[in-house]
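Asker: got a sequence here, can you build the structure:
(2 chains)
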Amino acid sequence: MNIYIYDDYLNKSKYSRILNRVEIRLTDLGLNGKIIRLGAIKNIRDVIQNEIKNGAKTIVAVGNNQTVNKIIGSVIDNELYGFFQKNILFSIIPIGEDNSIADSLGIRKEEEACNILLARRVKKIDIGIVNNYYFLNKATIPCQDTVLEIAGEYSIESQEKGVINIFNLKSDTSDDKNLKINPIDGKLDVYIKNKNRDLSFISTKKIKITNPNYPLVLDGIIEIKTPADIGIISGKLNVVVGKDRSFE
Amino acid sequence: MFNKDNKPEKFKDAETIIGASIKVKGNFHGQGNIVVEGQLEGNLRTDANLFIGDKAKVVANIEAIDAIINGEVKGSLKIHQYLAIGPTAKIIGDINCCEISIEKGAMINGQIIYVPNNNKATRMKSSEAEDSSEDEEKDEE
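Answerer: Residues are numbered from 1 along each chain as shown, chains lettered A, B, ... in the order given. Down below sits the predicted model:
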């Protein structure tokens, strides 16, 4: 059974035609399922986990990066229903703007997303974890006053202003195309870019990050105060991907 | 062979790049090629090759298979195969290597000791070969 999670903003009238098109396409392809609207739900984690317990096989985020970030923790958090969640598939139907995560997975248009869902091309990808929060794309923090402790062995400080991006999955639209980021290698890729275009790169599994003045931002949405421990869970999420994804 | 940064092509896909504005402290151990353009204090070891840029300042004991040094290094160097010292290099410390080239202008304060080519890479290859032959023997059994 497929579960479609609609984000709040899709209630706006400007999205009704797109949603109609998507729903018709899904019905044509025999992919119809249960629709859950985020706006009406207070505890999304319990709702999703109950659906998984009741036999849901695919969880589809209908919306944008924020939708993905809101529900990703519920899909992979398997403390309660680990047995049921082992083979759960996750997919995205991107609608509106800010859909870089779907882009990275090779899903660009809403109707194309329905065909990709039918094709069931599945990849097991890593998930980034910071304290109790998950991220698919990247964690970001300014260079200023930031100290990175890598795997407890050495520390890194930048002496100039810039930005530190800790990637799990590259976002095609906003990130430099030359970056080599692999979400199936079990490692986080740290890129430090300074204003004079000086680029540093390190690959690691564990980072402790400290900055007394700025928070760490996950997937451009969640702000977390530091010190924070960043790790990676290897091959944790089964995602349905398109041919034009940003990784092999 | 060399690109516009005077860096050999093999460093184009380096596993780690420490940029000019970055300061690293501690024990850095990598498995792939490493490029250092910034500052590093502690120990630096890689199972592959090392490039130290002309503005880099390294206070560390270094171990690598091949190395190209153009910047400042304070500490001992243990290079298992080939060490190239560029014209802008300043090295204070002993050097252990198998092959070496030193360009005019380089400054070295320390001993240069020849170490026969029983390098890490060769040892790794031979141990892999032994492992595979053992596996084959087991398969035959």
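
Asker: which residues does B:Ile62 contact?
Answerer: For B:Ile62, the contact set (Cβ atoms under 8 Å, 6 or more residues apart in numbering or on different chains) comprises B:43-45, B:50, B:73, B:75-79. (Glycine included, C-beta is placed from N, CA and C.)

Asker: who in chain A is up against chain B?
Answerer: Residues of chain A lying close to chain B by Cβ under 8 Å from any Cβ of the partner chain are A:150, A:153-160, A:162, A:180, A:192, A:194, A:196, A:198-203.

Asker: hmm, try it at 10 Å
Answerer: Proximity of chain A to chain B, by Cβ under 10 Å from any Cβ of the partner chain, involves residues A:143, A:147-162, A:180, A:190-204.

Asker: what's the nearest residue to A:Asn87 if we skip its chain neighbours?
Answerer: Closest residue to A:Asn87 apart from its sequence neighbours, by Cβ to Cβ, 6 or more residues apart in numbering or on different chains: A:Asn238 at 6.9 Å.

Asker: may I see the buried residues of whatever helix or strand the one you found lives in?
Answerer: In the assignment (DSSP states H and E), A:Asn238 maps to strand A:228-240. Residues A:228, A:230, A:232, A:236-240 are the ones in strand A:228-240 that count as buried (16 or more other Cβ atoms under 10 Å in any protein chain shown).

Asker: and the furthest pair within those residues?
Answerer: Largest separation among those by Cβ to Cβ: A:Ala228 and A:Val240, giving 30.3 Å.

Asker: residue of chain B nearest chain A, please.
Answerer: Among all residues of chain B, B:Gly26 sits closest to chain A, at 2.8 Å; criterion: Cβ to the nearest Cβ.

Asker: what helices or strands is the strand or helix carrying that residue leaning on?
Answerer: Assessed by DSSP H and E, B:Gly26 sits inside strand B:22-30. Applying 3 or more Cβ pairs under 10 Å, 6 or more residues apart in numbering or on different chains; DSSP states H and E, we find strand B:22-30 packed against strand A:147-150, strand A:154-158, strand A:199-204, strand B:16-18, strand B:34-36, strand B:39-46, strand B:57-64.

Asker: neighbours of the residue nearest to A:Lys206 when sequence neighbours are not counted, how many?
Answerer: Leaving aside its chain neighbours, A:Lys206 sits nearest to A:Ala151 (4.8 Å; criterion: Cβ to Cβ, 6+ apart). Using other Cβ atoms under 10 Å in any protein chain shown, the number of residues around A:Ala151 comes to 13.

Asker: tell me which residues of stretch A:104-113 are tucked away?
Answerer: A:104-108, A:110, A:112-113.

Asker: picking that back up, mean neighbour count, the helices and strands packed on strand B:22-30: which tops it?
Answerer: strand B:34-36 (a mean of 27; mean count of other Cβ atoms under 10 Å in any protein chain shown).

Asker: do any residues in that strand lie close to chain A?
Answerer: Yes - shown here: strand B:34-36 in contact with chain A (Cβ under 10 Å from any Cβ) through B:34-35.

Asker: that strand pairs with which strands?
Answerer: If you go by DSSP bridges, strand B:34-36 pairs up with strand B:16-18 (parallel), strand B:50-52 (parallel).

Asker: taking their axis directions, the helix or strand where A:Asp126 lies and strand A:228-240 sit at what angle?
Answerer: Using DSSP H and E, A:Asp126 maps to strand A:122-130. Angle between the axes of strand A:122-130 and strand A:228-240 is 160 degrees (criterion: axes from the mean of the first three to the mean of the last three Cα atoms, to 10 degrees).

Asker: excluding its backbone neighbours, what's nearest the closest residue to chain B within chain A?
Answerer: With Cβ to the nearest Cβ as the measure, A:Tyr154 is the residue of chain A nearest to chain B, at 2.8 Å. Excluding the flanking residues, the one nearest A:Tyr154 by Cβ to Cβ, 6+ apart is B:Gly26, at 2.8 Å.

Asker: mind listing what's buried in the strand holding B:Gly26?
Answerer: B:22-26, B:28, B:30.

Asker: check the offset of that strand from the chain's centre.
Answerer: With Cα atoms, centre = their mean, to the nearest Å as the basis, strand B:22-30 stands 14 Å off its chain's centre.
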